[in-house]
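Q: give me a 3D structure for the following:
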Amino acid sequence: MINNVEFNLNDEVIMKKPHACGTNSWTITRNGADIKIKCNNCSREIMMDRLEFMRKLKKVIKNEKTSS
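A: Take a look at the predicted model:
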């Protein structure tokens, strides 16, 4: 699990396991007690609690708009 990681809305994240469509690249669309992410390939959205999200998270790629 990644500790002390910061992420915001519209940040791109890489998850450990790929989605059924074959990509593991997602965009955060809701940030709170639950995290909602949208697949960058097929546009499916899933929601999971923050603990589960942190367990499955591999890497955070900052969005250009939020990193400056």
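Q: every contact and neighbour count from this point should use C-alpha atoms.
A: OK.
Q: and Gly22, what are its phi and psi?
A: When quoted as degrees, to the nearest 10, the phi and psi of Gly22 stand at phi 110, psi 0.
Q: quick one: contacts for Met15?
A: Asn24, Ser25, Trp26, Lys56, Leu57, Lys58, Lys59 (CA atoms under 8 Å, 6 or more residues apart in numbering).
Q: give the other helices and strands that the helix or strand hosting the last one contacts.
A: To tie it back to what came earlier, the one meant is Lys59. Following DSSP states H and E, one finds Lys59 within strand 57-61. Under the contact criterion of 3 or more CA pairs under 8 Å, 6 or more residues apart in numbering; DSSP states H and E, strand 57-61 touches strand 12-15.
Q: chain center to the strand it packs on: distance?
A: For strand 12-15, the separation from the chain centroid amounts to 5 Å (computed by CA atoms, centre = their mean, to the nearest Å).
Q: direction included, what does it pair against?
A: According to DSSP bridges, strand 12-15 forms sheet pairs with strand 25-30 (antiparallel), strand 57-61 (antiparallel).
Q: distance to Met48, mean neighbour count and mean pLDDT added to those, as TSV?
A: Formatted as TSV, the strands paired with strand 12-15 follow (distance: least, CA to CA, whole Å; neighbours: other CA atoms under 10 Å; pLDDT from 0 to 100):
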stretch	distance to Met48	mean neighbour count	mean pLDDT
strand 25-30	10	20	97
strand 57-61	12	16	94
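Q: relative to Glu6, which of the contacts of Met15 is nearest.
A: Distance to Glu6 across the contacts of Met15 (CA to CA) is lowest for Lys59, with 10.6 Å.
Q: from Ser25, how far off is the closest one?
A: Using CA to CA, to the nearest Å, we find Lys59 at a distance of 10 Å from Ser25.
Q: the residue lying closest to Glu45 once chain neighbours are set aside: neighbour count?
A: Leaving aside its chain neighbours, Glu45 sits nearest to Lys38 (4.3 Å; criterion: CA to CA, 6 or more residues apart in numbering). Around Lys38 there are 20 other residues, counting by other CA atoms under 10 Å.
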